[in-house]
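just a sequence and a predicted model for now, questions to come.
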Amino acid sequence: MTRIGHGYDLHRLEPTAPVGSGRPFVLGGLLIDNPTGPVAHSDGDALTHAITDAILGALGLPDIGQLFPDSDPKLAGAESSLFLREAVRRMRERGYELGNLDATVICERPKIGPHKAAIIARLAQCMGVDSSRLNLKGKTHEAVDAVGEGRAIEVHASVLLLESP
Ligand code: MG
């Protein structure tokens, strides 16, 4: 038995403090030096949010916003690895393991390529899987719309879950 899941997330990007209300730019748990960062209740890690939702979706469970509401004051500034670890815990509890993950990050800045290996290593550690099961792609939005103007970051993630032997 296999199950497929898709996750999507978008966060508005603003200049980071003290200039604006953007949080430090964190992607897949990796802190990246960037003049803008996500506006969010948690740390705004759009990649980790999309992966979390892909796993929860594959399992047919409530989504990240239902499990971790942005109205919960305890989650203000929360590290998103917390959400991903919980999704992985539920996956294993139900007898599944990650077959593979493929994710696409769309933003103008920062460039994803130079950070790909470090992001994958962090995600692999967080999820307790071999990094060969994870793939990441970076794209720009060709100067079109808010994402292309650098005012937002968008992520799509797909996962395949396999029934544990
Ligand atoms: Mg989010």
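Structure received.

who in this structure is up against the ion?
Proximity of the chain to the ion (C-beta under 5 Å from the ion) is limited to residues Asp9, His49. For every residue, glycine as well, the C-beta is placed using N, CA and C.

and the strands in this structure?
In the chain, the strands defined using DSSP state E lie at 2-15, 26-27, 30-31, 36-38, 96-106, 134-139, 152-163.

show me what the second one is packed up against.
Helices and strands touching strand 26-27, as assessed by 3 or more C-beta pairs under 8 Å, 6 or more residues apart in numbering; DSSP states H and E, comprise helix 46-58.

and the angle from the helix it packs on to strand 96-106?
Angle of helix 46-58 versus strand 96-106, following axes from the mean of the first three to the mean of the last three C-alpha atoms, to 10 degrees, is 140 degrees.

counting neighbours, which bits of helix 46-58 end up buried?
Using 16 or more other C-beta atoms under 10 Å as the test for burial, helix 46-58 gives 46-58.

nearest to the ion: which residue in the chain?
Nearest residue of the chain to the ion: His49, at 3.6 Å (C-beta to the ion).

and the closest residue to Arg12 other than its chain neighbours, its phi and psi?
Counting by C-beta to C-beta, 6 or more residues apart in numbering, Val39 is the residue found nearest to Arg12 once chain neighbours are left out, at 4.6 Å. Torsion angles at Val39 (phi, psi; degrees, to the nearest 10) stand at phi -90, psi 120.

mind listing what Val39 touches?
His11, Arg12, Leu13, Glu14, Ser21, Gly22, Arg23 (C-beta atoms under 8 Å, 6 or more residues apart in numbering).

need those residues in CSV with neighbour count, can you?
Output for those, formatted as CSV (neighbours: other C-beta atoms under 10 Å):
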residue, neighbour count
His11, 21
Arg12, 16
Leu13, 28
Glu14, 18
Ser21, 14
Gly22, 21
Arg23, 21
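
tell me which two of these sit farthest apart.
His11 and Ser21 (11.8 Å; C-beta to C-beta).

mean confidence for stretch 40-48?
Stretch 40-48 shows a mean pLDDT of 97.
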